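Trainee: Pasting a predicted model and its sequence here:
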Amino acid sequence: MLTPHRFTNFNYCLVYVSSLVIECLIYRGDSNLSELYKYCKASSTEINEQDITLAVSFLYLLSKAKYNIETDIVTLV
C-alpha cells in the first residue's frame, strides 16, 4: 500500500524548493546556503537545510547554478 510521506507533498518537493532557491538568487543575487535557507524557510516552515542542499545540487546538475566551496556562495548561471 502506498502511503503519503514528506516528499510526496508539493510544498517540500525538490522542484518547488529549487524554484524558491532560483527566486532568491534572482531577487538577492549571489547568496550563501544559510541565506537561501532563511529565504526558503520564510515561505514554508517545513523546509530544512537538507532540502536546500538537494535543490542546489539539482540546479548544479542542470548547469543552472554554480557553488563556490571556498566562499560558500551559490551563483545562478
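Mentor: In hand now; what should we look at?

Trainee: Only C-alpha atoms from now on, for both contacts and neighbour counts.
Mentor: Fine.

Trainee: Strands along the protein, start to end?
Mentor: Taking DSSP state E to define them, one finds strands in the chain at 31-32, 65-68, 73-76.

Trainee: Reformat these as JSON lines; add distance to L25 and mean pLDDT.
Mentor: Below are the strands of the chain laid out as JSON lines (distance: least, CA to CA, whole Å; pLDDT from 0 to 100):
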{"stretch": "strand 31-32", "distance to L25": "7", "mean pLDDT": "94"}
{"stretch": "strand 65-68", "distance to L25": "9", "mean pLDDT": "94"}
{"stretch": "strand 73-76", "distance to L25": "6", "mean pLDDT": "95"}
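
Trainee: for the protein, longest helix please?
Mentor: Determined from DSSP state H, the single longest helix within the chain is helix 14-28.

Trainee: Quick one: list the elements packing against it.
Mentor: When contacts are defined as 3 or more CA pairs under 8 Å, 6 or more residues apart in numbering; DSSP states H and E, helix 14-28 packs onto helix 33-43, helix 49-61, strand 73-76.

Trainee: hmm, try it at 10 Å
Mentor: strand 31-32, helix 33-43, helix 49-61, strand 65-68, strand 73-76 (3 or more CA pairs under 10 Å, 6 or more residues apart in numbering; DSSP states H and E).

Trainee: hang on, the earlier thing: for the strands of the chain, please prepare JSON lines with the additional fields mean neighbour count.
Mentor: Converted to JSON lines, these look like this (neighbours: other CA atoms under 10 Å):
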{"stretch": "strand 31-32", "mean neighbour count": "18"}
{"stretch": "strand 65-68", "mean neighbour count": "16"}
{"stretch": "strand 73-76", "mean neighbour count": "19"}
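
Trainee: picking up where we left off before, quick one: closest of the helices and strands packed on helix 14-28 to C24.
Mentor: helix 33-43 (6.7 Å; CA to CA).

Trainee: Using neighbour counts, pick out the buried residues of the closest one.
Mentor: Neighbour counts over helix 33-43 (16 or more other CA atoms under 10 Å) mark 33, 35-41 as buried.

Trainee: Same check on stretch 53-70?
Mentor: In stretch 53-70, counting by 16+ other CA under 10 Å, buried: 53, 55-60, 65-67.

Trainee: Great, nothing more from me.
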